[in-house]
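>>> any chance you can model this:
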Amino acid sequence: MRTFQLCSIVLFFCFANLICLQAQETSPLLAVTAPKSTTPKAKRPTGASSRASFDNLGNYIHKHLKYPELASYHSIEGTVRILVLISPEGKITKAEVVKSLGFGCDEAALAVVNQMPQWSPATRYGINVADKRMLEFNFRLR
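Just a heads-up that it's a prediction; the model follows:
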């Protein structure tokens, strides 16, 4: 008797499933899957944006940065961080010391930044835009 009940329940669910499948084929209102879009997804173009850059920045800093005499005399070592704002034309519009070291190191780093030639400007979707960069100047005695 128990086997008969189990078989009838299984048959009922199979029959119900068959009816639902037939109804889905005939009626679009019972469709479960979403229709496929014919338009391709919009992809972000490669190279859509780039940061402002300066070729061989490390070499330029190494070549032009002068160790201040006062810092050398007091054996001062450390890092000066300067926030640089670059215009859409690639010119440095503002340079601000974010992390100071003192003993003339800040002034030496700012002098290098203020004498820098033009940067390659930042771009966003092919249009030049303003950008800001953080520059680090390491002062180490040899």
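>>> Ala130 and Leu83, how far apart?
In this view, Ala130 and Leu83 are 13 Å apart by Cβ to Cβ, to the nearest Å. In short, each C-beta sits where N, CA and C put it, glycine included.
>>> tell me the first helix or strand C-terminal of the lowest-mean-pLDDT helix or strand in the chain.
Using mean pLDDT, DSSP states H and E, helix 2-26 stands out as the lowest-scoring helix or strand of the chain, at a mean of 53. For helix 2-26, the succeeding helix or strand toward the C-terminus, using DSSP states H and E, is strand 49-50.
>>> hmm, who's touching the helix or strand following that following strand?
Per DSSP H and E, the first helix or strand lying C-terminal to strand 49-50 is helix 57-64. For helix 57-64, contacts defined as Cβ atoms under 8 Å, 6 or more residues apart in numbering pick out 54, 112, 115-116, 135, 137.
>>> just the buried residues from those residues, in PyMOL please.
Buried residues within the contacts of helix 57-64, by 16 or more other Cβ atoms under 10 Å, are selected in PyMOL with:
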select buried, resi 54+112+116+135+137
